[in-house]
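**Student:** Okay, here's the prediction I keep looking at, along with the sequence it came from:
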Amino acid sequence: MTRVLVLGVGNSLLTDDGVGVHAVARLRHETAVPPDVTILDAPAVLAEVPGLRACDPRFAQFWPHRHGTDAIFLALVRRD
């Protein structure tokens, strides 16, 4: 079986690129996440970048004043 990685990338502060944030939030709140789906620890994958924890510790949040980037939300979701 092919493994699929879904990146929930976006900016929840803007309406034009927040779809990744909302897709992962919905997946996170589903009462029955499929057994073959794993939400990975995004800050651990990017351990060399400090201060990435978001409201859910599995997700990463980049900030302009802290990381010198756009405000970006990142979630890593893997289908096993």
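**Tutor:** The structure has been received and is ready for your questions. On a predicted model such as this, the values are computed, not experimentally measured, just so you know.

**Student:** Over to the closest residue in space to residue 40 that isn't next to it in sequence: give its phi and psi.
**Tutor:** Taking C-beta to C-beta, 6 or more residues apart in numbering, and ignoring the residues beside it in sequence, residue 40 has residue 76 as its nearest neighbour in space, at 3.9 Å. No exception for glycine: its C-beta is placed from N, CA and C like everyone else's. Note on residue 76: its backbone torsions stand at phi -110, psi 120 [degrees, to the nearest 10].

**Student:** And the helices in this protein, which stretches?
**Tutor:** Counting by DSSP state H, the chain has helices at residues 19-29, 42-45, 64-67.

**Student:** Pick out the shakiest of those, pLDDT-wise.
**Tutor:** Of all the helices of the chain, the minimum mean pLDDT falls on helix 19-29 (a mean of 69).

**Student:** what are the bridge partners for the residue nearest to residue 40, then?
**Tutor:** Note on residue 76: beta-bridge partners residue 7, residue 40, judged by DSSP bridges.
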